[in-house]
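**Student:** Starting from these lines, generate the structure:
(chains A and B)
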Amino acid sequence: MFPHLKGHGQRVNLQLLQEAACRELVQLLERIEGSKVIVLDEDMIGPLDLVTRPKLFADRGIRLLALKPELHLPREVANVVYVVRPRVALMEQLAAHVKAGGRSATGRQYHILFAPRRSCLCISQLEVSGVLGSFGRIEELAWNYLPLDADVVSMELPNAFRDVSVDGDTSSLYQAAVGLVQLQRLYGRIPKIYGKGEFAHRVWEHAKQLGRDERTLYNGDKGVVDQLILLDRGIDLLSPLATQLTYEGLVDEFYGIRQNKLKLSAENFPSDGSIGGVGAGGGGNGSGSGPRVEESQSLLGDSEKKTILLHSGEQLYAELRNKHFNEVTKLLARKAREIHNQMHATSQDKSVQEIKSFVENLLPQLMVQKKATSEHTAIAGLLHEQVNAVSFADDLAAEQEFMVCADLDKPSAYIEDLIASKVELRRVLRLICLQCTAASGFKEKLLNHYKRELVHVYGLEVLLTISNLEKSGLLHLQTESRAYSVLRKTLHLTVDDTVEVEPKDISYVHSFYAPLTARLVEHSLKPLGWQSLKSQITNLPGPTFEDFQAQLVGIGGRHAGPTVTEGSLLNVPRVVLVCFVGGCTFAEIAALRFLAAQEDNNVEFLIATTKVVNKHSFLDSLMSS
Amino acid sequence: MPIMYNTGEWFKVRPDYYRKVELATPDWPLDLDLEYMVVEAAPYGGPLATTRDPTKLVPVKGNARPMIRIFDTAGTETGHLLWNHGKLIAMGWSDTEELICVQENATVFVYDMFGREKESYSIGDEASVTKIVEAKVFQSSAGTGVAVMTTSGRIFLKQNSSKTERKLPDIPNSSQNCNCWEIVTEGRNSYCLLGRDREVIKLFPGETVGTITANLFEKPHDRIIKISVSYNHQHLALYTNTGLLWLGSVDMRQKYCEFDTGRKDMPLQMEWIMNADNSEADAVVISYPSYLLIVNRNADRSDFPYDPVMFLVAEMDGVRIITQNSHEIIQRLPKCVENIFAVNSQEPASYLFEAQKKFEEKSYKSDEYLSMCREKIELAVTECIEAASFEFCPETQKSLLRTANFGKGFIRGHNPDEYMRIMRILRVLNTLRHERIAMPLTFKQFSHLNPEVILSRLVFRKHYAIAIQVAKHLNLPESWILEHWAYHKVINDPNDTEVARKITEKFKNPSVEGISFCNIAAKAHQAGRDDLAIKLLELEPRASLHVPLLLKMRKFDRAVGSATQSGDTELITQVLLEMKMHMMLSNLHMTIRDHPLALNMYKKIMRESNRAGLYGIYNTEDDQKSIAEYHFENAIETEGLESNLSMIGNAYAQGRCTLEAELCADTSRLLKLQKTLSTKYNVNSLNGLSIHDTILELLQIGELKEAERIRNDFKVPERRFWWLRVITLSGQHKWEELEKLAKSKKSPIGYDPFVEVCLQQDNASEARKYIPRCRDNRKGLWYMRAK
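**Tutor:** Purely as a prediction, here's the structure:
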């Protein structure tokens, strides 16, 4: 159903995860007898889309609706199933529906599936509203990690970092731990665990505690995953704020990729007709996604938009996504030429047979390629305009100044100018936070200066936003350690020679800056890597920890067969699960994929994150009140 | 062919062999004389209940009230109870080994095998009012039920206390002269067979009236006096006052035989003997005083003189006979046993047995015997293994297993699983048959009950050590047995620390898996020993499991601690909600102070449900900055920022946020100023603007002086003021003034902004004026853009 999750020769097959999640939903639904509609919380549309196809619901005659305050439920339906995140605010809407429905339809049952956790707070809210009696089943849909791509799983919790750091609500940490146990249930015990950062440590502590109940996990052989590296977003706040320069990163920053889908207004693309029918000509790669899109479009009322699938199942995109943007344009040009040549080479000097086989075999494939190329050329064109805008280049220049630790201790004239021209607040705050992070904290005078400037221009309310940033650690006063400037040198976070095309080092993802997280992973791959790393990263916040999960051999129990000898293991790539607690960027993912592509490393990554973030979405979640 | 092994116990009822096997001899207490007693024994070698038979005259010793004494099969008293109620009509055992006693007013009392009362219930008002004359405890597909016959001749059935009773149809014509009755289960229904005079009446539930079957017997008789239904409810035996016996199917359509016992005395009991190797029954056993008669379907008989009093217990594969001096089981001889041990047996198993014996004697004849069964050696081995399972004597079992072991050496690729399984189970059975345990089970009964049930019966009898050994031996989980042992300790041992110590000692063994200290703690709580419960909870490593019990015990501080330790925010929320219901708010605040995670979650709950509550917490915490922000957010929501500013500022100041406090004061000053300026220049748009925007407005209406005053008042940096001037001037296309400004003194913001604003207004020529004064590295860019 989801071929792109299987990957090419990947040792971890995420289709299993998708199937497990899907099965869980189906089982819960099957327990409810009679006709049903599913009402979806807006935050659940994406997660649902990641693991199910609309056919699943169509086959069972289930309609999907989006959760809105005013909801017109079909009269004849016997069961209304809400699939929601456990948010108290939503419960009022549910209560309103029940009260409204009470008049129109009798004998109708309501049910709730909370994902990922049943919430007693929500239930008590329903009780207060006096509608709890109308709900039949109130269950838990334990979806924690959802497969995003062949090597990425995401919890789809955009506010995870904010909840933990600003509000002190660590639910996402606990859920991440539950998710890790679930992953181990599917893919086997992970023998080695490394990690850095307070919250990462907490996730691991919880996971270990939860794992105690999983006897079978520890009795069996080790699973496919050899190693787990848990990284706290809090140890590297620079990377999520930095501008990503990979193709995928840029697309996400400018247009936002939601669950592997990009929505752009249709006028940017040549009309579909000339290419030969999207639905029918989709061929192998886009199969099955058509109706789903229509469904969600009708949900969201967006028919002007064109949806483009962005995941490793799309051949061209898989090639382009992790490349530096400057390389992408070149690649696209070459691609276009190739296709052109192939198309035209055929028209001459070919026998009828050859042409026939070409038309039957090669042509449909070429048409798909051509369509993809034209789409991505259009997207690249749009990006090109944005990237060449003065503001983008200037921001990037300022950002890169900070990254090389130039003039960090005084107010940046560029930032002041931006404030004076009252540009968008988020843009200013991003640069201030970048400066602060690079400087490992401001002197009090400098921080106060910025605060005063901001209040003067944007009004007193900005203090509340700043307070959030302070709580999250993006803005803080200087302490003794200058972690960034030290690590920049010791871990070569910035490199002098910038290679954007066919790079040799992960720093290409930000042109010359290598994300700290990816660098840590890179170092840990070396022999004794983590041990030597340990002493170098003591200046980063939070504990550095490592752990082992050995096989439990009960008394009198036998060893479960001969284990594979070390020698034969050497040729098989190690599988490392890198878990980002608090989100990661596409650039970081690209950097890890780059590492995996290096043959010397002989490693395969599985990336787990709370959500794929970018500089905008990361700040947005922190800024909201 | 082999020499007699155990064949002395065999007897023939043509065409089959039967055997009467001696089980462990019961050692009844001296004061128990079965002759004057009513005895009810539970099947599966279960306990026996005895009480004085009120119909017999005996010298009453001690208490005049009847006493029910409960024994195990070895004659050890496990419990007794004084019958303080009305007239006892009947007793019986349920399939879960509970003693069921039925009283005259149709009240049912249920006891466990130690004589502790578990529950009591009544079988309907009608039966209770009219009183009952007889009662029967019967087994059905839905468990054990009780049937009663009232004085008015009506029969009621009740499955258990929670179900309602069912009335069977009335007896047609007259309810007089009903001598005997029996309950039969067919599928999901239980019905009654009743003997009246020469008829059998079937009372089927749901039918309006009973159906009568008459003329079953050919020979003359007056009335049927005994009815017996086989264990599997398939066969029926009737006995008349003239000593005639009728055997047939339970639906009475098929008659197996009619047999004249020739006895005139009343039989005591009559039971079908179920076959051990299939689920059929071929014979009945009838007990008379001092006489035992066995009759089979072929009307062949066998009889034994016996003790004056005996009690028959029907089992699923035989009938047990309990007397004052012995405990025996009558079984039809299983075919495989017969094959091996029968005289002149020509079966391969028999040859194999002999071969093995000769082999042990180191006799060459072994080979001869072996060659006689070589063809069918697999069958022989299988039969030996099977036969071993039917044997009671360990020596016989051993010799049969040895034979099997010997024989399987001649089979290529023999699968030893069955051999192993039987051997394991036999060991358990022999243990259970030991008089200390006194559960004489057959292999078939063991398999039918399944080991889990057996284990739970052992545990219930407090044979913990044996139960654990058995569980280990059969590879079954054993931790729950320890758990029960712990319950027992918790309830019976008064010393808290001692109990906790003993329990940890037993449980720390790493092979013990999945023990839940919480369950034990819950038991301790039920027993009213909260201190012990807490001690036990402390031993449980999984903090999340503590919470439900701690909440139940209202130990909120510990509950919060455990919940935060588990990290499960949902659990914390649950605890907090519970606390909110049961605690004073101030206490709650104080309790959760020490648990930051709980505090955070509480704040989050309050933020979503009751913002005002937040203030209280911040106050307790003396978190002035949060108080400031709390007021601030409220002010924004109610759009009353101005009136609240001093309060917000104060809180900031107390929270040592000097800058924030200062900015609040500034804003408050600004708001006042904006009002005066608004009236002065007659512009409404100033209110609520930031300092920056206020200056911008003023510059736009040309009030440079006023703008500069504000700039000085609020310490606006020169750079930003210049920016504002540049923006306004260019926005208003005052190009000369802009140039004047550029020349007035050295620009603190450089000249790039000049170019930029000109370009924004699409005035390239103006822009070019300033380019030469820009930073060198930007000049090229600006020239390009100002083309």
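**Student:** how long is stretch B:769-786 end to end?
**Tutor:** 10 Å (Cα to Cα, to the nearest Å).
**Student:** Kindly report the same for stretch B:742-759.
**Tutor:** With Cα to Cα as the measure, the ends of stretch B:742-759 fall 16 Å from one another.
**Student:** Mind checking the pLDDT average for it?
**Tutor:** Averaging pLDDT along stretch B:742-759 yields 84.
**Student:** Could you list the buried residues of it?
**Tutor:** Buried residues in stretch B:742-759, defined by neighbour count with 16 or more other Cβ atoms under 10 Å in any protein chain shown: B:742, B:747, B:749-759. No exception for glycine: its C-beta is placed from N, CA and C like everyone else's.
**Student:** got it, and stretch B:350-358?
**Tutor:** Here stretch B:350-358 shows B:Ser350, B:Tyr351, B:Leu352, B:Phe353, B:Glu354, B:Ala355, B:Gln356, B:Lys357, B:Lys358 as buried, counting by 16+ other Cβ under 10 Å.
**Student:** Distance check, the second one against chain A.
**Tutor:** Taking Cβ to the nearest Cβ, to the nearest Å as the criterion, B:Tyr351 is separated from chain A by 39 Å.
**Student:** so which of the buried residues of stretch B:742-759 are also by chain A?
**Tutor:** The residues of the buried residues of stretch B:742-759 that also fall near chain A, by Cβ under 8 Å from any Cβ of the partner chain, are B:Ile749, B:Pro753.
**Student:** follow-up on the earlier one: closest to chain A among the buried residues of stretch B:350-358?
**Tutor:** B:Gln356 (32.3 Å; Cβ to the nearest Cβ).
**Student:** Spell out which residues sit in contact with the closest one, please.
**Tutor:** B:Ser366, B:Ser399, B:Arg402, B:Thr403, B:Phe406, B:Gly407 (Cβ atoms under 8 Å, 6 or more residues apart in numbering or on different chains).
**Student:** Try it again at 6 Å.
**Tutor:** B:Thr403, B:Phe406 (Cβ atoms under 6 Å, 6 or more residues apart in numbering or on different chains).
**Student:** I'd guess it is in a helix, am I close?
**Tutor:** Yes: under DSSP: H, G, I helix; E, B strand; the rest coil, B:Gln356 sits within a helix.
**Student:** which of the residues in the top helix by length along chain B are buried?
**Tutor:** What stands out as the longest helix in chain B, according to DSSP state H, is helix B:658-681. Buried residues in helix B:658-681, defined by neighbour count with 16+ other Cβ under 10 Å: B:659-664, B:666-668, B:670-671, B:673-674, B:677.
**Student:** Could you say whether the closest residue to chain A within the stretch 551-700 of chain B sits in a helix, a strand or coil?
**Tutor:** Using Cβ to the nearest Cβ, the single residue of the stretch 551-700 of chain B nearest to chain A is B:Asn600, 3.2 Å away. Assigned state for B:Asn600: helix (three-state reduction, three-state DSSP).
**Student:** what's the neighbour count on it?
**Tutor:** 20 (other Cβ atoms under 10 Å in any protein chain shown).
**Student:** got the contact list for it?
**Tutor:** Contact analysis of B:Asn600 by Cβ under 6 Å, 6+ apart lists A:Gly168.
**Student:** Would you format the buried residues of stretch B:350-358 as JSON lines with pLDDT included?
**Tutor:** Output for the buried residues of stretch B:350-358, formatted as JSON lines (pLDDT from 0 to 100):
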{"residue": "B:Ser350", "pLDDT": "90"}
{"residue": "B:Tyr351", "pLDDT": "91"}
{"residue": "B:Leu352", "pLDDT": "91"}
{"residue": "B:Phe353", "pLDDT": "90"}
{"residue": "B:Glu354", "pLDDT": "89"}
{"residue": "B:Ala355", "pLDDT": "91"}
{"residue": "B:Gln356", "pLDDT": "91"}
{"residue": "B:Lys357", "pLDDT": "89"}
{"residue": "B:Lys358", "pLDDT": "91"}
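**Student:** Out of the residues you listed, which is nearest to B:Leu370?
**Tutor:** Closest approach to B:Leu370 among the buried residues of stretch B:350-358 (Cβ to Cβ): B:Ala355, at 4.3 Å.
**Student:** So which of the buried residues of stretch B:350-358 is the closest to B:Ala500?
**Tutor:** B:Gln356 (55.1 Å).
**Student:** Tell me which other helices or strands the lowest-mean-pLDDT helix or strand in chain B touches.
**Tutor:** None of the helices or strands of chain B scores lower by mean pLDDT, DSSP states H and E than helix B:496-507, at a mean of 76. With contacts defined as 3 or more Cβ pairs under 6 Å, 6 or more residues apart in numbering or on different chains; DSSP states H and E, helix B:496-507 has these neighbours: helix B:479-492, helix B:530-537.
**Student:** Next SSE downstream of it?
**Tutor:** Using DSSP states H and E, the helix or strand that directly follows helix B:496-507 along the chain is helix B:517-526.
**Student:** Show me which residues of that following helix are buried.
**Tutor:** Buried-residue list, helix B:517-526, by 16+ other Cβ under 10 Å: B:Phe517, B:Cys518, B:Asn519, B:Ile520, B:Ala521, B:Ala522, B:Lys523, B:Ala524, B:His525.
**Student:** Write out the residues of the stretch 101-250 of chain A neighbouring chain B.
**Tutor:** A:Arg117, A:Cys120, A:Leu121, A:Asp167, A:Gly168, A:Asp169, A:Thr170, A:Ser171, A:Tyr174, A:His206 (Cβ under 6 Å from any Cβ of the partner chain).
**Student:** any idea how far A:Val178 is from the fifth one?
**Tutor:** Applying Cβ to Cβ, to the nearest Å, the value for A:Gly168 to A:Val178 is 19 Å.
**Student:** For those two, indicate the residue with more neighbours.
**Tutor:** Neighbour tally, A:Gly168 and A:Val178, criterion other Cβ under 10 Å: the higher count belongs to A:Val178, 20 against 15.
**Student:** Is B:Pro440 in contact with B:Pro43, as I believe?
**Tutor:** No: if you go by Cβ atoms under 6 Å, B:Pro440 and B:Pro43 don't touch, sitting 11.2 Å apart.
**Student:** Between the two, tell me which one has more neighbours.
**Tutor:** More crowded of B:Pro440 and B:Pro43, by other Cβ under 10 Å: B:Pro440, with 24 against 16.
**Student:** Need the per-residue pLDDT for that one.
**Tutor:** In this model, B:Pro440 carries a pLDDT of 90.
**Student:** So it: helix, strand or coil?
**Tutor:** coil.
**Student:** Chain A versus that one, what's the distance?
**Tutor:** From B:Pro440 to chain A the distance is 31 Å (Cβ to the nearest Cβ).
**Student:** Confirm that A:Val83 lies within a strand, as I assumed.
**Tutor:** Yes: per three-state DSSP, A:Val83 lies within a strand segment.
**Student:** Please name the bridge partners of it.
**Tutor:** Going by DSSP bridges, A:Val83 is paired in beta bridges with A:Leu40, A:Leu113.
**Student:** how many neighbours does it have?
**Tutor:** 25.
**Student:** go on, B:Asp307?
**Tutor:** There are 18 residues near B:Asp307, going by other Cβ under 10 Å.
**Student:** Check which helices and strands the host helix or strand of A:Asp252 is in contact with.
**Tutor:** In the assignment (DSSP H and E), A:Asp252 maps to helix A:247-255. Contacts defined by 3+ Cβ pairs under 6 Å, 6+ apart place helix A:247-255 against helix A:325-345, helix A:586-597.
**Student:** For my notes, please list these in TSV and give mean neighbour count, distance to A:Gln435 and mean pLDDT for each entry.
**Tutor:** Formatted as TSV, the helices and strands packed on helix A:247-255 follow (neighbours: other Cβ atoms under 10 Å in any protein chain shown; distance: least, Cβ to Cβ, whole Å; pLDDT from 0 to 100):
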stretch	mean neighbour count	distance to A:Gln435	mean pLDDT
helix A:325-345	15	24	83
helix A:586-597	24	20	90
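**Student:** All set, thanks.
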